[in-house]
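> Structure, please.
(one chain, ligands or ions: 1)
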Amino acid sequence: MQAAIYERTGPAREVLAVVELPDPTPAAGEVRIRLVTSGVNPSDVKTRTGLRSAALPYPRIIPHSDGAGVIDAVGAGVPASRIGERVWTWNAAWGRAHGTAAGFVTLPSAQAVPLPSSISFAAGACLGIPALTAWFAVAMDGGVAGRDVLVTGGAGAVGHYAVQFAKAVGARVIATVSSPAKAALARAAGADTVINYREEDVVARVLAATDGRGVDRVIEVDLAANIAAAIGAVKPDGDIVPYGSGAWEIPVPFIGSVLKNIRYRFFIVYNLSPADRAAALCGLTRALEAGTLQHHLGPTFALRDIAAAHEAVEAGATGNVIVTLD
Ligand SMILES: NC(=O)c1ccc[n+]([C@@H]2O[C@H](COP(=O)([O-])OP(=O)(O)OC[C@H]3O[C@@H](n4cnc5c(N)ncnc54)[C@H](OP(=O)(O)O)[C@@H]3O)[C@@H](O)[C@H]2O)c1
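All right, here's what the predicted structure looks like:
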């Protein structure tokens with residue numbers, strides 16, 4: 001099979017290569033997926049650049065956790081009836097050397113989730129990280145049904161799904177964006193109020209939109225940049241759910257947080273508990289089957305152009321960046 005690999009961390013064009021490797025064989029409990037698409041997430045880029053750790057956990061890495069394709073072989077203990085199933089993947093490159101930027105991936109059967117026939121393989125490559133993260137940020141701890149929610153970065157891969165999931169349970173959704181085009185995306189996803197965070201006073205606009213109360217939950221894309229605004233915008237006893245941050249270490253305003261009884265609810269989608277994972281998979285599958293979820297697809301690249309795909313993510317591409325496999 002053709003596979004993209006890297007054997008050291010560094011800039012995309014210096015470390016990523018496309019090579020020929022033997023087709024993998026599924027072990028017991030695994031399925032083999034003939035991949036059609038592979039999703040590129042900021043996380044894949046951070047790992048490849050060495051931002052998380054300069055040392056590689058494996059001598060050779062095939063990147064990307066997200067992807068979609070068709071099961072073409074199964075290992076012992078997996079029903080042969082799974083062969084031919086359209087599926088999407090989660091955590092394919094988390095704690096594993098071989099992700100989805102290849103012709104095939106072998107994975108534990110549970111990490112290949114049925115993809116409804118109405119959902120494209122491109123959309124299927126957006127689910128493992130962006131959609132599951134958004135679903136959990138909205139649904140965790142009792143969810144936000146009928147509540148007020150601020151989704152920062154409401155046109156981002158995660159944010160765009162978060163707006164939709166929050167809206168779907170009857171939340172009033174406020175989204176921040178940085179341009180008119182992103183405002184249109186957030187509105188089309190269901191945001192009731194859209195704020196340009198580069199030009200407007202986010203806290204003042206949030207308070208005005210909530211009759212001075214503030215929101216019940218902030219779903220935060222960049223805690224480092226926005227912690228002061230998040231504290232200002234959330235109401236007492238509210239949640240700040242930071243899933244992203246532009247800096248690894250940040251000071252947390254203690255008084256502002258403690259006086260409001262704010263709950264900071266950090267999480268990373270890779271490490272959901274089995275119960276949370278099961279709930280998220282079930283909730284997302286229901287949303288996919290309902291057929292109303294919008295998928296914001298970004299630029300698409302062939303596998304041979306994987307370096308350009310990574311550079312597109314680094315440049316802040318709008319929409320999920322997809323790599324296609326032949
Ligand atoms: N914890 C987890 O499990 C988890 C899961 C997925 C992603 N993440 C992390 O979450 C972040 C976003 O991921 P993504 O895939 O959604 O990326 P993305 O598609 O690039 O979206 C990020 C969005 O946030 C906006 N943005 C950037 N800085 C902002 C700020 N200071 N305030 C408000 N909006 C801002 C961007 O637009 P503008 O630049 O135009 O403002 C963009 O629309 C990344 O850091 C990623 O690593 C974490």
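
> For the rest of this, base every contact and every neighbour count on C-alpha atoms.
Noted.

> any idea which helix or strand carries Phe136?
Per DSSP states H and E: Phe136 is located in helix 132-139.

> That helix close to the ligand?
Yes - counting by CA under 6 Å from any ligand atom, the ligand is contacted by helix 132-139 at Thr133.

> Can you list the strands that whatever helix or strand comes next after that helix pairs with?
Sequence-wise, the next helix or strand downstream of helix 132-139 (DSSP H and E) is strand 148-151. With DSSP bridges as the test, strand 148-151 is paired with strand 172-177 (parallel), strand 215-220 (parallel).

> could those go into JSON lines alongside distance to the ligand and mean neighbour count?
Conversion of these to JSON lines gives the following (distance: least, CA to the nearest ligand atom, whole Å; neighbours: other CA atoms under 10 Å):
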{"stretch": "strand 172-177", "distance to the ligand": "6", "mean neighbour count": "26"}
{"stretch": "strand 215-220", "distance to the ligand": "8", "mean neighbour count": "26"}
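
> how about those in TSV, adding distance to Gly103 and mean pLDDT?
Converted to TSV, the strands paired with strand 148-151 look like this (distance: least, CA to CA, whole Å; pLDDT from 0 to 100):
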stretch	distance to Gly103	mean pLDDT
strand 172-177	36	98
strand 215-220	35	98
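
> Any idea which of those gets closest to Pro130?
Among these, the nearest to Pro130 by CA to CA is strand 215-220 (13.1 Å).

> mind saving the C-alpha coords of that closest one as CSV?
Provided in CSV are the C-alpha atoms of strand 215-220 (Å, rounded to 0.1, in the frame of the first residue of the first chain):
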residue,chain,number,x,y,z
VAL,A,215,-24.0,32.0,29.4
ASP,A,216,-24.3,28.7,31.2
ARG,A,217,-21.4,27.2,29.3
VAL,A,218,-18.4,28.5,27.3
ILE,A,219,-17.0,26.0,24.8
GLU,A,220,-13.6,27.4,24.4
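
> Asp222 versus the closest residue to Leu223 other than its chain neighbours, what's the distance?
Leaving aside its chain neighbours, Leu223 sits nearest to Ser245 (4.7 Å; criterion: CA to CA, 6 or more residues apart in numbering). Going from Ser245 to Asp222 by CA to CA, to the nearest Å gives 4 Å.

> Next: Leu51.
16 Å.

> Compare these two and say which is more crowded by neighbours.
A count of neighbours by other CA atoms under 10 Å puts Asp222 above the other of Leu51 and Asp222, at 16 against 13.

> So that one sits against Trp248, correct?
No - counting by CA atoms under 8 Å, Asp222 does not reach Trp248; the two are 10.5 Å apart.

> Need the residues touching each of those two.
Counting by CA atoms under 8 Å, 6 or more residues apart in numbering, no residue touches both Asp222 and Trp248.

> biggest helix in the chain by residues?
Using DSSP state H to define each element, the chain has its longest helix at helix 274-290.

> Buried residues of it, list them for me.
Neighbour counts over helix 274-290 (16 or more other CA atoms under 10 Å) mark Arg277, Ala279, Ala280, Leu281, Gly283, Leu284, Thr285, Ala287, Leu288 as buried.

> Then stretch 179-187?
Within stretch 179-187, the residues that count as buried by 16+ other CA under 10 Å are Lys182, Ala183, Leu185, Ala186, Arg187.

> Over to stretch 137-145?
By neighbour count on 16+ other CA under 10 Å, the buried set for stretch 137-145 is Ala137, Val138, Ala139, Gly143, Val144, Ala145.

> which one of these is nearest the ligand?
Ala137 (9.0 Å; CA to the nearest ligand atom).

> Kindly report the residues of the stretch 1-150 of the chain close to the ligand.
Within the stretch 1-150 of the chain, the residues that sit near the ligand (CA under 6 Å from any ligand atom) are Asn41, Pro42, Ser43, Ile129, Pro130, Thr133.
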